[in-house]
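> I would like to see how this sequence folds:
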Amino acid sequence: MRNTSLLLLLALTPGILLGQKQVVPANSDYERPRAAATASLSPALMQQLTAIRDAALTDEYAYRQVAHITENIGPRAVGSPQAQAAIEYVAGEMRKLGLDVHLEPVQARHWIRGAESAELVEYPGQVAGTTQKIVLTALGGNHPTPPGGITADVIVANSFADLDRLGRQEVAGKIVLFDVVFDKQKAAAGYAGEAYDEAVAYRALGAQKAAALGAAASLVRSVGGADYRLAHTGNSRAADIPAGAVTSEDADLIAHLTSQGKVRMHIILTSQTAEEVSTYNVVGDLKGSEHPEQVVIVSGHLDSWDLGTGAIDDAAGVAVAMETAQLMQQLHLRPRRTLRVIAWMDEENLGRGHVAYAKAHAAEIGNHVAAIESDLGASHPMGFRAKISAEAAALLQPVFDVLQPLGANLIELSSDSPEADLEPLAKQGVPAFGLLQDGRTYFNYHHTAADTLDKIIPQELRENATALAVMGYALATMPNSLPR
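Below you'll find the model as predicted:
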C-alpha cells in the first residue's frame, strides 16, 4: 500500500500540480544540488552509464530469460516443481555470468489449488431445470469447502461499513460477495496502483471480516481492470471459511439478481494449505572492486501465481535484474561496490523470502547502500518510485540525464517501501527503489490466466533493463553512497 507520493520531474519544466503528485519546477535552489551532483560523477562514470544504456537498448538477454522462465518452466507457485526448477535455472544462469551464487533458505507456506467451480442454483426468474455458471477462482490461503461444496444464500456488500451495517443477523450462514469496483478511470489516468490499493483490501481482509459475522464463505469481485470474464487470484488472510474471487461480469450478475430477490449459490473451492516447504532466494554477487562489503541490490521475485505463467508478475523483474549483471560482464565493467542480484521467493504468498533475507543479513544491513526491485510488469519505464530523501533524489540527477532519451527520468518519492520485497530494508533506512512503469494495463492481467509472455513487448522490456542497469551501476559506482 502506498501513501501520497511526491513526484519530482528531473527536467527543466514548469511546476504543475497533478492530483496528489507535485511536479517540482527547476529553480536556483534546485539547480545548486543538481550542479553539485553533476560535478560529483566523473566523466568516465558518465561515459560508462551511457555505454550501459546504449548496449541495453539493443540487447535480447532479458527477453530470452523471461521466455525460458515462463514458457519452458511455467507457473512457479511456491513449493511447486516449477518453482524449484526456476531456482536452479536462475542460479545456473547467474553462475554463467561469473557471479558468486548462493541459495538462501526460506521456509514458506505451501498452498495447493484444488477444484474450483460455482453456479447459481436459485434466483429470480430462473428457468425451470437450469442453473447459471459463475466463473471464480480460489484465493491463496483459502479454507476449503467439503469435496461436494457448499450451498447458501448470497448477500452483497459494497464496503466493510456496509457489511457491518448488515450485521450478524443478515450475514450468518450466507455467502458474502464484496462488490467493490476497480477504478478503471484512475488506472487509465496513470493511477493504477492507487486504484489497486483501494480495492485489494477486500481481497486481503474480506474473508476475515465476513467470518467474524458468521458467514459461510467470502467472495470478492476480482481486483483488476479487464472485463474479459477473467478471475484474478491473490492472497487472502486466513479465515475459517472459503475465500474466492469472481469475475467482474459475474459480480455484476449476482448484484443485479440479489437486488431482485433471493439468490442461492453452490461453490466448490477445495484448495488447501499443506505443510511448509523449504525453498530459496537466489542471490548472486558481482564483487565490488573497492568496497566489496557494501551492497547494491537489483531484484525481482521468482515465484508466481499458478493461473498464468507469471510473465509480467514477475519473471520480467528477475530477467532485467539478471541483465544488469550480464551488461557489466559484456562491457567489462566492475562497480566499486558489490552488485547483488536477487530472485526473491514467496513474494506472492506471505513474503517469507524478504523476511528470511533481512534476518540472515541483519548484521550487514548497515552496509546495504541501496536496493532496487522491478515488480510492476514490463511496460515502458518512466523512472523510479523511491523511499529516499529529496537531497538523495537531487544527487541522482546525472543518472536521470542519461535515462532521459528513453523517458525514464521521473522519480516519485514515497514514505513507504516502493516494493514489497524491499520493505524490511527500507524500514531500516536503506534507500529503496522500484521501477516506475506504465501500469495502465498491468492490472488487466495481474494474477490471471492471461499473465503470459505475449503481454511483454520486447522493446519495452529492453527499456526496463536499461533503467535498472543504469541506476544499479550508478548506485554501485558513485564516489559516495546516498544519504539515508
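
> ok, the spatially most central residue of the chain - contacts?
Nearest to the geometric centre of the chain sits Asp375, at 4.0 Å (C-alpha atoms, centre = their mean). Contacts for Asp375 (C-beta atoms under 8 Å, 6 or more residues apart in numbering) come out as Gly300, His301, Asp313, Asp314, Gly317, Glu347, Glu419, Ala420, Asp421, Gly434, Leu435. For the C-beta atoms, the positions are set from N, CA and C on the backbone; glycine is no exception.

> what helix or strand is the residue sitting furthest away from the middle of the chain on?
Relative to the C-alpha centroid of the chain, counting by C-alpha atoms, centre = their mean, Ala128 is the outermost residue, at 45.7 Å. If you go by DSSP states H and E, Ala128 is not part of any helix or strand.

> residues contacting it?
The contact partners of Ala128, taken as C-beta under 8 Å, 6+ apart, number zero.

> Equivalent analysis for the one 3 residues further on, please.
The neighbourhood of Thr131, defined by C-beta under 8 Å, 6+ apart, consists of Glu119, Leu120, Val121, His266.

> mind checking how far it is from Ala450?
26 Å (C-beta to C-beta, to the nearest Å).

> Please report the distance of Ala204 from Ile268.
23 Å.

> Pick out whichever of those two has more residues nearby.
A count of neighbours by other C-beta atoms under 10 Å puts Ile268 above the other of Ala204 and Ile268, at 21 against 18.

> which residue packs closest to Thr448, ignoring adjacent ones?
Spatially, and ignoring its direct neighbours in sequence, Thr448 is nearest to Leu230 (4.6 Å; C-beta to C-beta, 6 or more residues apart in numbering).

> brain fart, Lys184
Spatial nearest neighbour of Lys184, chain neighbours left out: Gly225 (4.9 Å); criterion: C-beta to C-beta, 6+ apart.

> so which strand or helix has that neighbour?
Applying DSSP H and E, one finds Gly225 in no helix or strand.

> Now the phi/psi pair for it, please.
Main-chain dihedrals, Gly225, degrees, to the nearest 10: phi -100, psi 0.

> For it, grab the count of nearby residues.
27.

> so it makes contact with Tyr191?
No. The criterion here is C-beta atoms under 8 Å, and Gly225 misses it with Tyr191 at 11.6 Å.

> The nearest residue to Ser80 once chain neighbours are set aside and Glu412, how far apart?
Of all residues not flanking Ser80 in the chain, Asp306 sits nearest, at 7.3 Å (C-beta to C-beta, 6+ apart). According to C-beta to C-beta, Asp306 stands 32 Å off from Glu412.

> Tell me which of those two has more neighbours.
Asp306 (24 against 20).

> Look at the more buried one and report its pLDDT.
The model reports Asp306 with a pLDDT of 97.

> Same check on Ala378?
pLDDT at Ala378 comes out at 97.

> Likewise for Ser5?
Reported pLDDT for Ser5: 42.

> Number of residues surrounding Asn158?
15.

> how about the nearest residue to it, chain neighbours excluded?
Asp179 (5.7 Å).

> what's the answer for Asp438, then?
Ser379 (4.1 Å).

> So which elements touch the top strand by length along the chain?
Ranked by number of residues, the top strand in the chain under DSSP state E is strand 272-286. Contacts defined by 3 or more C-beta pairs under 8 Å, 6 or more residues apart in numbering; DSSP states H and E place strand 272-286 against helix 81-96, strand 100-112, helix 316-330, strand 337-344, helix 352-360.
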